[in-house]
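Asker: Pasting a predicted model and its sequence here:
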Amino acid sequence: MPALQIKSVTVRRIARLAARRKRSPQRVLDAALAAGLDYEEWFQREVAKGLAELDAGKVLSHEQMLKNQARRKAAFVRSLAKAA
């Protein structure tokens, strides 16, 4: 695998965060990479699920989506009125 390079502006951001949190720059970098990779993997899974649903014909028309949204909004407004 080729060596990875980090832009100098990113190195400075890591150093600032590490100093503020009293952590090593490596620990900050590891945490940021883990969080970013977790998000990317989740995002790719969700896109794949959505495409599979589309291929399976599980779609809503724009009108159906608007009706669902209006129904959910009305339920939310009712719940706020009950809580007041």
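Answerer: Cool, got the structure.
Asker: Mind pulling up the pLDDT for the residue sitting nearest the centre point of the chain?
Answerer: The centre of the chain sits closest to Tyr39, judged by CA atoms, centre = their mean, with a distance of 5.7 Å. If you check Tyr39, the pLDDT there is 98.
Asker: One more: Val47?
Answerer: 98.
Asker: any chance you could map the helices in this protein?
Answerer: Shown for the chain, the helices assigned by DSSP state H span residues 8-21, 25-55, 62-83.
Asker: Between those helices, which one is closest to Pro2.
Answerer: With respect to Pro2, and counting by CB to CB, the nearest of these is helix 25-55 at 16.6 Å. Where C-beta positions appear, they are placed from N, C-alpha and C, glycine not excepted.
Asker: Next, the angle from that closest one to helix 8-21.
Answerer: If you take axes from the mean of the first three to the mean of the last three CA atoms, to 10 degrees, helix 25-55 sits at 110 degrees to helix 8-21.
Asker: by contact count, what packs against helix 25-55?
Answerer: helix 8-21 (3 or more CB pairs under 8 Å, 6 or more residues apart in numbering; DSSP states H and E).
Asker: Residues contacting the helix it packs on, please?
Answerer: The contact list for helix 8-21 (CB atoms under 8 Å, 6 or more residues apart in numbering) reads 6, 23-25, 27-29, 32.
Asker: mind redoing it with 7 Å?
Answerer: With CB atoms under 7 Å, 6 or more residues apart in numbering as the test, helix 8-21 has contacts from 24-25, 28-29.
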